[in-house]
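1. I would like the atomic coordinates for the input below:
(one chain, ligands or ions: 1)
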Amino acid sequence: MIEEFIPDSGTYVKDGIIYSKVVGRALMDLLNKRVSVYPIISGATVPKVSTTVLGQVGNAQSDNVLVRIFKIGPKKLSGAFTGILHISDVEERYVDSMNDVCKPGDIIRAKVISEKNQIYHLSTVDKNLGAVYAFCSRCGNLLEQKRHEMHCPKCGNIEKRKTAVDYGKEEI
Ligand SMILES: [Zn+2]
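-> Okay, the predicted model is just below:
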């Protein structure tokens, strides 16, 4: 392929194969024998190891939750990526139940720690990571943080979460 096509913008060459640097469509210019890749979204962003993401907690199991990632760093997405937060990556200390970490509907900030097989494994170990908005599992109201507990101002329910230090302040 390298003999016939000249790599163009958005591409690089390794061992004679033209690779795309960005997520996008390869455009083969048969007349000029050039390959260009046009990003689908300008500056297309995919989760990468060590980047911080924001997502909403979806399906929850006893030892993991799925997270619908909608923001990578400062960039908002349409919500195409799913991450997984396993109980062993929540805090440095042992965590008994995912129920004390986050619940479906919560908004969490997490760090991507691995992207093996296109599955984004997340961590909330740092103090700036964890729930930034959590909702009462009884009535859906936004929970308020009081010391180490989460209080529902509407129904009086008390729950637990692993919160980020700036809980309730993130702009979404
Ligand atoms: Zn409530």
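
2. what residues does the biggest strand by length in the chain touch?
-> The single longest strand within the chain, with elements called by DSSP state E, is strand 75-86. When contacts are defined by CB atoms under 8 Å, 6 or more residues apart in numbering, strand 75-86 is touched by residues 43, 45-47, 53, 55, 58, 63-72, 101-102, 108, 110, 112, 119-124. Every residue, glycine included, has its C-beta placed from N, CA and C.

3. in which helix or strand would I find Phe70?
-> Phe70 is located in strand 64-72, with elements delineated by DSSP states H and E.

4. any idea how far that strand is from the chain center?
-> Relative to its chain's centre, strand 64-72 lies at 4 Å (CA atoms, centre = their mean, to the nearest Å).

5. swap in stretch 74-85?
-> Distance, centroid of stretch 74-85 to centroid of chain: 4 Å (CA atoms, centre = their mean).

6. next one: stretch 148-162
-> 25 Å.

7. I'd like the average pLDDT over it.
-> Summarised as a single mean, pLDDT over stretch 148-162 is 96.

8. which residues are contacting it?
-> 90-91, 95, 99-103, 106, 124, 130-131, 134, 136-139, 141, 143-145, 163.

9. 6 Å instead, please
-> 90, 100-101, 124, 130-131, 134, 136, 138-139, 141, 143-144 (CB atoms under 6 Å, 6 or more residues apart in numbering).

10. same deal with stretch 99-111?
-> So stretch 99-111 is in contact with 52-54, 56-57, 60, 90, 122-124, 129, 131-135, 137, 160, 162, 164, going by CB under 6 Å, 6+ apart.
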